[in-house]
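Colleague: Requesting a structural model of the entry that follows:
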Amino acid sequence: METLTLKKIDREELLGLNPYFVGLQSDTQSELARAFMETSFERDSLIISEGQAGAGLAFMASGAAKWSKFSVDGKEQILSIIRPGDAFNDAPTFDGGPSSGDVVALSQAIVYVLPEADVMRFLGKTDFSKNTAKVLARRLREMVRLVEDLSFRRVTGRLARIILEELDGQAHLTQRDMAAMAGTAREVIGRSLKELGDEGIIKIENHRIIIKDRQGLRGKLSLDDQE
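Modeller: Modelled structure (predicted):
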């Protein structure tokens, strides 16, 4: 896996990027910017552990991380990739329960945290409350899509979506990571990559996946029985 460039999003830029903060008044944004706490993490560091109590609403300022669940026998399912500007640790912050998975840095990373007490205080502001409802609704849709992927889409289709939405020429994920996202074995991902390469849809160059036929790759997204 390549090391991601550590380009930091400052607090004001984050407030303009993340959907939690869309349309907030300037005085509210100024209060939020002052409330953020900043922490740095090395690659492969555990940012949040499963079962950890909610420490606040977290935002990726630079780098990337993965949110994963593990079975009792150690099998990993990556639930999402967290990139600069993205929020995470939402559920524990809002319901007071434990984290439902591990968040691990895929590179050097900088994280901003809005403490839980500040989140609750800002929820009293109408615009922030409306934005929060929209973000959580989107989270639900993402989980439904993950279930749809694992239940009805062939492995090659799942891989096609990962390439289109997560990689698209950036190659920041290993085959093991892609397998954990697709709910399959690394060897199956290897065969699927070869299949897409043989069809002229992608090529792998210097450990990077390059899309040669975007339309052909999108054609792999159709729902069907699992392989």
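
Colleague: Not counting its neighbours along the chain, what's nearest Lys134?
Modeller: Pro19 (6.5 Å; Cβ to Cβ, 6 or more residues apart in numbering). Placement of C-beta: from N, CA and C, glycine included.

Colleague: is it true that Phe51 touches Pro98?
Modeller: Small correction: residue 51 is Gly, not Phe. Yes: using Cβ atoms under 8 Å, Gly51 is in contact with Pro98, at 4.6 Å.

Colleague: quick one, domains of this protein?
Modeller: Per the record, the chain has its domains at 11-142, 153-221, by automatic domain parsing.

Colleague: Go ahead and measure how far stretch 145-160 is from the middle of the chain.
Modeller: 17 Å (Cα atoms, centre = their mean, to the nearest Å).

Colleague: Give me the below-cutoff pLDDT ranges for the chain.
Modeller: Within the chain, the stretches with pLDDT under 70 are 1-6, 167-172, 223-227.

Colleague: All the helices of it, in order from the start?
Modeller: Taking DSSP state H, the helices of the chain run over residues 11-17, 26-35, 90-95, 116-122, 126-152, 155-162, 175-182, 186-198, 214-218.

Colleague: The residue most central in space within the chain: what's it in contact with?
Modeller: The chain has Ile81 as the residue nearest its centroid, 2.4 Å off, counting by Cα atoms, centre = their mean. For Ile81, the contacting residues are Ala64, Ala65, Lys66, Trp67, Leu106, Glu166, Leu173, Met181, by Cβ atoms under 8 Å, 6 or more residues apart in numbering.

Colleague: could you dump those to a markdown table with distance to Glu148 and neighbour count?
Modeller: Output for those, formatted as a markdown table (distance: Cβ to Cβ, whole Å; neighbours: other Cβ atoms under 10 Å):
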| residue | distance to Glu148 | neighbour count |
| --- | --- | --- |
| Ala64 | 24 | 21 |
| Ala65 | 24 | 27 |
| Lys66 | 20 | 21 |
| Trp67 | 18 | 22 |
| Leu106 | 25 | 22 |
| Glu166 | 17 | 18 |
| Leu173 | 21 | 23 |
| Met181 | 14 | 25 |
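
Colleague: ok, so of those residues, who is nearest Glu142?
Modeller: Glu142 lies nearest to Trp67 out of those, by Cβ to Cβ, at 10.8 Å.

Colleague: Done for today, thanks.
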